[in-house]
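[1] Turn this into a structure:
(chains A, B and C)
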Amino acid sequence: MTRPLIWFRSDLRTHDNPALFHACRAGAAKDGKGVVAAFLVADHQWAAHDWGDPKADFICRSVAALAPRLANLGVPLVVRRAPRFRDAASALTSIAQAHACTGIWFNNEHELNETRRDEAVAAAFQRDGRSVSRYHDQVLFAPGTILSAKHAPYTVFTPFKNAWLRALADRASDNSGLTVPVPQRQAEPVCDSEGDPIALSRTTFSPPPAPIFESWPAGEAPAIRLLDDFTRTKLVSYHLRRDLPALDGTSRLSPHLAAGSISPRRCLHDAISSGLHHPGAASWITELIWREFYRHLLVAFPRLSMGRPFALETTRLQWRTDPAALALWKAGRTGFPIVDAAMRQLAATGWMHNRLRMIAAMFLTKDLLIHWHEGERHFMRSLVDADLASNNGGWQWSASTGTDAAPYFRVFNPVLQSRKIDPDGLFIRRWVPELATLDGREIHEPSPLARTACDYPPPIVDHAAARLRAVEAFKAILH
DNA sequence: GTAAAGTTGCA
DNA sequence: GCAACTTTA
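    So this is what the prediction gives:
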């Protein structure tokens, strides 16, 4: 007989979920005795990984949204608190014992601590004579399978992208579609009085501000609506509108991709269905490939999960310690309107437009010369889409410590970037309302007089001087 | 409009 | 060798 325990983590969906699909197939087979699902609230570990209230709340709401969808499949969901990853093995084996499960099914995660936890869980199940079935769902091509001619991992994005697209063309022939799990015959009622994920996370996390909650409905249904709406109406003009933060030109799917309430395969599938050969789809698919690239890197270079830079020589860089400047950056009071607008959008909504993430990150690491660790941590704690691979990859790119780093001497000019991506100052006006009366010409760099009149602070650094300082700091560590 | 500058990965 | 690199001055 077979009775799978499906363990959910960052794959909080029923559609196109390989572990769930195969568990349900086994549970509904001739000797199958149904499926039981589990989710562990690892609040202490999440906090240690710098998850903030927005992320923890989004994940827990995603779990709450998953439960009725599983119930429709005849799969009961057991939710338990297991504060640290080291508690996972005993929590899961006790669930397996209580519900007579014959094995565990799950999709792999790729971060270092997650990988170690999964090895411990797999070992514990095998010791008990239970089966372990693991699958890939986080990326289209499993980490380690996209390699250069020298059989090495790519460390530059464009060659990776080309190889990834070739692999996709090769795979197109096998044409395995998006899977839907089969319902289970008998849903045995499972008594789970502990099972409110949001209540279980309250030991460590607080409710996030209401606007965050309201901006980000959690779960598979909102994710699918977002993707449908995006591919139907926004994808054709994505390449033209994606870099303009005042417009709603992006998919806003990042929290769902991080939680797994939608699969990257489904995103790609829908984008391709809308016609691969138009520039909007090609441009968005490139963004999906950036996500894949950073996940592949995390596996190929374990030091990225340990706070170390990809470019090891940048460990020697003389970063500045400046708590006052760091606090102003976090608060959106740097005196650079586009940076402040971005940081205030982050604080208010738990999300920041991708182009603004680069500008804000470049400002902290180059203009202020503050260690990228500080920015990485602040983003992790603030973002509803917090994700180690993407966040670390983006920060190291901006800091020029990463793979495919912008050369150190290429420092974004926040005022030029501002004019380019927010030409009329619409976005700045929305998030820095004290500048609302300034015209589109002045709003990017208000005069001292205008700053006084608007009660807006002077710039905390002179960009030209700060740029030279950053370039010199990098030159100093060249061999 | 064009020079600036370092490295990867493939021709 | 040479193009590419989410560019700036």
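
[2] Can you tell me which residues in the stretch 51-200 of chain A are near DNA strand C?
    A:157-158 (C-beta under 7 Å from any atom of the strand). All C-beta spots, glycine's among them, are computed from the backbone N, C-alpha and C.

[3] In the stretch 51-200 of chain A, which residue sits nearest DNA strand C?
    With distances taken as C-beta to the nearest atom of the strand, the stretch 51-200 of chain A approaches DNA strand C most closely at residue A:158, which sits 4.7 Å away.

[4] same deal with the stretch 351-479 of chain A?
    Using C-beta to the nearest atom of the strand, the closest approach of the stretch 351-479 of chain A to DNA strand C is made by residue A:413 at 3.7 Å.

[5] Would it be right to say that residue A:105 lies in a strand?
    Yes - counting by DSSP: H, G, I helix; E, B strand; the rest coil, one finds residue A:105 located in a strand.

[6] tell me the pLDDT at residue A:402?
    Turning to residue A:402, the model gives it a pLDDT of 88.

[7] same check, this time on the one 5 residues further on
    In the prediction, the pLDDT value recorded for residue A:407 is 79.

[8] That one belongs to a helix?
    No - using three-state DSSP, the secondary structure at residue A:407 is coil, not a helix.

[9] Disregarding residues adjacent in the polypeptide, which is nearest to it?
    residue A:400 (6.8 Å; C-beta to C-beta, 6 or more residues apart in numbering).

[10] ditto for residue A:112
    Residue nearest to residue A:112 in three dimensions, not counting chain neighbours: residue A:305, with 3.7 Å by C-beta to C-beta, 6+ apart.

[11] The one you found contacts residue A:299, correct?
    No - using C-beta atoms under 8 Å, residue A:305 makes no contact with residue A:299, being 9.2 Å away.

[12] Okay, the residue of the stretch 351-479 of chain A closest to DNA strand C and residue A:372: tell me how far apart.
    Going from residue A:413 to residue A:372 by C-beta to C-beta, to the nearest Å gives 19 Å.

[13] more crowded one of those two?
    Summary of the neighbour comparison: residue A:413 and residue A:372, criterion other C-beta atoms under 10 Å, with residue A:372 having more neighbours (25 against 15).

[14] check contacts around that one.
    Contacts for residue A:372 were tallied using C-beta atoms under 8 Å, 6 or more residues apart in numbering; they are A:309, A:361, A:364-365, A:395-396, A:398-399, A:401.

[15] Mind jotting down where the helices sit in the stretch 251-400 of chain A?
    With DSSP state H, counting those that start in this stretch as the criterion, the stretch 251-400 of chain A has helices at A:254-259, A:264-273, A:279-300, A:323-331, A:337-349, A:354-362, A:372-382, A:388-399.

[16] Those helices: which one's closest to residue A:203?
    helix A:372-382 (17.3 Å; C-beta to C-beta).

[17] Establish whether the closest one and DNA strand C are in contact.
    No - Helix A:372-382 stays clear of DNA strand C (C-beta under 7 Å from any atom of the strand), getting no nearer than 14.9 Å.
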